[in-house]
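Peer 1: Only the shape, not the letters, is given here:
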């Protein structure tokens, strides 16, 4: 994203004050001394993940067991049991994850995280947030586990994963501490009663390279999308100002001529020509709005969506519609506004094509520094996991391509649906700073 666009890089809230916001693909460690240290860091860490539409997995061992972890996080998240029930949060003991059949296989564990990520994306979560405590590691497993950490550190940057590994400081000698720090991008440790953050030199260099590369990618993706939308607007304007106006003027002249001449056959021919021209005017106007809404540029996003909902959904397809706007000021960057309108139309078009809906509602509201666009229908619904799997396998677009490009622009798409119960699609995007 070009810096002039004011669109933030894709960062995730960690819930850890000393760390702040981080990009996907972060792999960091915690050196702790007590059970309370674990609670102080991991509870806000997972709370932030749940609040930010991530699938969370907490692998526990002494001194904070599974039941202790559940009780600690339940105190700060009122609907925690619902998160457990729907599978957004999993808390399990180390022997259920790291030591299947009593044996540690780092390749199996690493693949398990990738499988967990795939499942999370199919369920329309933004990614996964994980943590594992390591007090279960005996001396004989240390090398295998450091190999595992090394491979995670090398490969995690490719995935939508945030990983925190907890190490008891009392169990680590100098050589172990060096191994741990080398295998993580960041380390958190309490010094003189305060949590501090340490970066290794490789992490600092990698951060700068990654930031520059991501900036280039975002800038390119944004400019390509903007170029496409601007070209659509230019063509739509040309159609409206040249072709459609010429057709309309020709129809007016023919209508006038028809009233000044006589002859049954000639009048019939003129009637047919006028009718054809009138139909052409309607079709060109429709094509203009399909390509780019002039209202979007002249009156803004909310008005353009409301007009599209009325004309294209209610009038053209006979589906009952409702539009709701909270009336708050919602400033959007140009690229965000263009893409958001395109995706809102895409969601509505999907309803017409697939949902068999009788009612559609669009709600637009501001929540802090974000804009929420919610499209709901009472149609046949679908299973998001199955649809996502098909889309991924067949290279499909639609709903899940919308999710992918918003992930790169600091927003996200959330889909809630099940067969027979309609669909609720929410696009959450950043407002202009």
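Peer 2: Good, I have the coordinates. Not measured: the values here are computed from a predicted model.
Peer 1: where are the low-confidence patches of the stretch 301-433 of the chain?
Peer 2: Along the stretch 301-433 of the chain, segments meeting pLDDT under 70 span 385-401, 404-405, 407-408, 433.
Peer 1: any chance you could map the strands in it?
Peer 2: 320-325, 359-367, 370-377, 412-417, 423-430 (DSSP state E, counting those that start in this stretch).
Peer 1: Does anything pack onto the helix or strand residue 57 falls within? Which helices or strands?
Peer 2: Per DSSP states H and E: residue 57 is located in strand 55-60. Counting contacts by 3 or more CB pairs under 8 Å, 6 or more residues apart in numbering; DSSP states H and E, strand 55-60 is packed against helix 35-51, helix 66-74, strand 89-93, helix 94-97, helix 106-122, strand 128-133. Where you see a C-beta, it was placed from the backbone N, CA and C, and this is true even at glycine.
Peer 1: and this protein, what are its domains?
Peer 2: 3-199, 217-292, 298-433 (automatic domain parsing).
Peer 1: Would you point to the one among the helices and strands packed on strand 55-60 that's packed deepest?
Peer 2: Highest mean neighbour count among those (mean count of other CB atoms under 10 Å): strand 128-133, with a mean of 24.
Peer 1: Report the mean confidence score over that one.
Peer 2: Strand 128-133 shows a mean pLDDT of 96.
Peer 1: neighbouring contacts of that strand?
Peer 2: 12, 38, 42, 45-46, 49, 54-62, 64, 94, 97-98, 113, 116-117, 120, 160-166 (CB atoms under 8 Å, 6 or more residues apart in numbering).
Peer 1: Pull up the pairing partners for that strand, direction included.
Peer 2: In the sheet, strand 128-133 lines up against strand 55-60 (parallel), strand 161-168 (parallel) (DSSP bridges).
Peer 1: Give me the angle between the last one and helix 35-51.
Peer 2: Between the axes of strand 161-168 and helix 35-51, defined by axes from the mean of the first three to the mean of the last three CA atoms, to 10 degrees, the angle is 170 degrees.
Peer 1: what does strand 161-168 rub up against?
Peer 2: Contacts for strand 161-168 (CB under 8 Å, 6+ apart): 12, 14, 22, 24-33, 38, 41-42, 45, 49, 54, 63, 113, 117, 127-135, 149, 152, 156, 176, 180, 184.
Peer 1: can you check stretch 180-196 too?
Peer 2: Taking CB under 8 Å, 6+ apart as the rule, stretch 180-196 contacts 16-19, 26-33, 37, 41, 146, 149-150, 152-153, 165, 167, 169, 172, 197-200, 203, 206.
Peer 1: From the residues you listed, list just the buried residues.
Peer 2: Applying 16 or more other CB atoms under 10 Å to the contacts of stretch 180-196, the neighbour count classes 16, 19, 26-32, 37, 41, 146, 149, 152-153, 165, 167, 203 as buried.
Peer 1: Can you tell me the SS state at the nearest residue to residue 110 once chain neighbours are set aside?
Peer 2: Spatial nearest neighbour of residue 110, excluding adjacent residues (CB to CB, 6 or more residues apart in numbering): residue 151 at 6.1 Å. Of the three states, residue 151 takes helix under DSSP: H, G, I helix; E, B strand; the rest coil.
Peer 1: how close does residue 151 sit to residue 142?
Peer 2: Separation of residue 151 from residue 142 (CB to CB, to the nearest Å) stands at 15 Å.
Peer 1: Please apply the same query to residue 418.
Peer 2: Taken as CB to CB, the span from residue 418 to residue 142 is 46 Å.
Peer 1: For the two, indicate the residue with more neighbours.
Peer 2: Taking neighbours as other CB atoms under 10 Å, residue 418 and residue 142 compare with residue 142 leading, 14 against 11.
Peer 1: Helix, strand, or coil at the more buried one?
Peer 2: Strictly by three-state DSSP, residue 142 counts as helix.
Peer 1: For it, which non-adjacent residue is spatially closest?
Peer 2: residue 176 (7.1 Å).
Peer 1: for the closest residue to residue 126 other than its chain neighbours, phi and psi?
Peer 2: Leaving out its chain neighbours, the residue that sits closest to residue 126 by CB to CB, 6+ apart is residue 53, at 4.7 Å. Main-chain torsions, residue 53, degrees, to the nearest 10: phi 60, psi 40.
Peer 1: Just give the number of residues close to residue 53.
Peer 2: By other CB under 10 Å, neighbour count at residue 53 equals 17.
Peer 1: what's the pLDDT at it?
Peer 2: 92.
Peer 1: Same question for residue 148.
Peer 2: 91.
Peer 1: who's in contact with residue 41?
Peer 2: So residue 41 contacts 16, 30, 32, 164, 166, 188, 195 (CB under 8 Å, 6+ apart).
Peer 1: count of neighbours near the fourth one?
Peer 2: Looking back up the chat, that one is residue 164. Residue 164: 25 neighbours (other CB under 10 Å).
Peer 1: Residue 152 versus that one, what's the distance?
Peer 2: Taken as CB to CB, the span from residue 164 to residue 152 is 12 Å.
Peer 1: before we move on, what about the last one?
Peer 2: Using CB to CB, residue 195 is found at 23 Å from residue 152.
Peer 1: Give me the nearest residue to residue 64, chain neighbours excluded.
Peer 2: residue 38 (4.7 Å).
Peer 1: State the distance from that neighbour to residue 251.
Peer 2: Residue 38 is 76 Å from residue 251, by CB to CB.
Peer 1: likewise residue 129?
Peer 2: From residue 129 to residue 251 the distance is 62 Å (CB to CB).
Peer 1: Hmm, residue 123 is touching residue 87, no?
Peer 2: Yes - shown here, residue 123 and residue 87 form a contact pair, counting by CB atoms under 8 Å, at 7.4 Å.
Peer 1: Looking at the two, which one has more neighbours?
Peer 2: Between residue 123 and residue 87, residue 123 has the larger neighbour count (other CB under 10 Å), namely 15 against 12.
Peer 1: Just read off the phi/psi values of the more buried one.
Peer 2: According to degrees, to the nearest 10, the main-chain angles of residue 123 amount to phi -80, psi 10.
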